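Enquirer: okay, here's the prediction I keep looking at, along with the sequence it came from:
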Amino acid sequence: MNPISMLGQLGRAVLTVMAAFGRVAIFALDALSHMLRPPFYPREFGVALLNIGWLSLPVVGLTAIFTGGALALQIYAGGARFNAEAVVPQIVAIGMVRELGPVLVGLMIAARVTSSIAAEIATMKVTEQIDALVTLSTHPMKYLVAPRVLAALLTVPALVAVGDIIGIAGGYTVAVQNLGFNSAAYLRNTVDFLEMRDIVSSLVKGAAFGTIAAIMGCYYGMNSGRGAQGVGRATKGSVEAAAVLILAANFVLTGVFFSL
C-alpha cells in the first residue's frame, strides 16, 4: 500500500470519528436545551429518578464496600514494606473520594442504567412507538431524553456521595477489625485529611458521569438500527461509549481540580 492510500485511509478514519463526536455533541446540547424549556413530564422524571437513583443503590453499595475493604488491605500490605502502615485511613479516604468512588459509581451506572435506557428507547424505535409520540405531537427529546438526563444529573452525585461513605466505612471496618487500628484515631485521621475540594470534585464528577451515561443511552437508543440486532448493537455501543467517555472525563476533571 502506497503512502498516499495510507494517508487517505487515516484521513477518512479521523473524519469519521470527528463526525461521530459532532453528532453526539449536537444531541447532548439538544437534550440539555429541552431540559430547560416546557412542557415538562414529571411522571417520566419520577420514574427515571426511581430507576437511576433508588434501584442503583444496592449495586453501588456492594461495589463501594468491597472496594474500600480491599483498598485498606492493599495499602496496609504496601505500606508495611516502608513502615508506613499508619497512612491507611488517609489513603483510603482520598482514594475513595477523589477517584474510586466517582469512577466506580459511574461505571456501574453505565453498566446498569445506560444499557437499560438504550435498550428501552431502541425497542420503542423498533416498535414505532417513537413515531406514535410524534403523531401525538409529543417531542421524543422532551418525553424520553430530557427526564432521563435530568434524573441522572441529579441522582448520580447523590449515589457517589453514598458510595464514598460506604467505601470509607468498608475500609474502616477492615482496618479496625482485621488490621488492629484504633477506631477513634482512624475516624479522626479520615476527617482531618479530607478537604472540601476533594468532596466537591467527587460530586462534580458524579454529575458529569451521570449526564454522560444518560446521554449515551439515549443517543444510541434514538439512533439504533431496526430489528433485534439493532437493539443489541445500540445497547452494547452505548455501554462502551459511556465507559470510555467517563474515564476520559475523569482524567480531564482530575486535571482541572488537582493540577495546581
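Expert: Noted; the coordinates are in hand.

Enquirer: what's the helix or strand hosting Gln229 packed up against?
Expert: Assessed by DSSP states H and E, Gln229 sits inside helix 227-258. Judged by 3 or more C-beta pairs under 8 Å, 6 or more residues apart in numbering; DSSP states H and E, helix 227-258 is in contact with helix 101-109, helix 115-126, helix 196-222. The C-beta positions use only the backbone N, C-alpha and C, and glycine is treated the same way.

Enquirer: quick one: distance of the host helix or strand of Leu7 to the chain centre.
Expert: Leu7 is part of helix 3-35 when elements are defined by DSSP H and E. Offset of helix 3-35 from its chain centre (C-alpha atoms, centre = their mean, to the nearest Å): 22 Å.

Enquirer: mind checking how far Val134 is from Glu128?
Expert: Per C-beta to C-beta, to the nearest Å, Val134 is found 10 Å from Glu128.

Enquirer: and the helices in the stretch 51-200 of the chain?
Expert: 57-80, 88-94, 101-109, 115-126, 129-135, 140, 146-178, 183-193, 196-222 (DSSP state H, counting those that start in this stretch).

Enquirer: want to try a markdown table for those helices, with mean neighbour count as columns?
Expert: Formatted as a markdown table, these follow (neighbours: other C-beta atoms under 10 Å):
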| stretch | mean neighbour count |
| --- | --- |
| helix 57-80 | 18 |
| helix 88-94 | 22 |
| helix 101-109 | 25 |
| helix 115-126 | 22 |
| helix 129-135 | 13 |
| helix 140 | 19 |
| helix 146-178 | 23 |
| helix 183-193 | 14 |
| helix 196-222 | 23 |
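
Enquirer: select, out of the ones you listed, the one closest to Met35.
Expert: helix 146-178 (4.6 Å; C-beta to C-beta).

Enquirer: so which other helices or strands are in contact with that closest one?
Expert: Using 3+ C-beta pairs under 8 Å, 6+ apart: helix 146-178 touches helix 3-35, helix 42-52, helix 57-80, helix 88-94, helix 101-109, helix 183-193, helix 196-222.

Enquirer: to Ile166, which of the ones you listed lies closest?
Expert: It's helix 57-80; of those, that one is closest to Ile166 (C-beta to C-beta) at 4.1 Å.

Enquirer: before we move on, the earlier item: switch the helices of the stretch 51-200 of the chain over to JSON lines; also include mean pLDDT and distance to Ala243.
Expert: Listed next are the helices of the stretch 51-200 of the chain as JSON lines, based on pLDDT from 0 to 100; distance: least, C-beta to C-beta, whole Å:
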{"stretch": "helix 57-80", "mean pLDDT": "91", "distance to Ala243": "14"}
{"stretch": "helix 88-94", "mean pLDDT": "90", "distance to Ala243": "24"}
{"stretch": "helix 101-109", "mean pLDDT": "94", "distance to Ala243": "6"}
{"stretch": "helix 115-126", "mean pLDDT": "92", "distance to Ala243": "11"}
{"stretch": "helix 129-135", "mean pLDDT": "87", "distance to Ala243": "26"}
{"stretch": "helix 140", "mean pLDDT": "89", "distance to Ala243": "25"}
{"stretch": "helix 146-178", "mean pLDDT": "94", "distance to Ala243": "14"}
{"stretch": "helix 183-193", "mean pLDDT": "89", "distance to Ala243": "30"}
{"stretch": "helix 196-222", "mean pLDDT": "94", "distance to Ala243": "9"}
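
Enquirer: tabulate the ones you listed (CSV), appending distance to Asp30.
Expert: What follows is the helices of the stretch 51-200 of the chain, written out as CSV (distance: least, C-beta to C-beta, whole Å):
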stretch, distance to Asp30
helix 57-80, 29
helix 88-94, 38
helix 101-109, 22
helix 115-126, 15
helix 129-135, 15
helix 140, 11
helix 146-178, 9
helix 183-193, 43
helix 196-222, 10
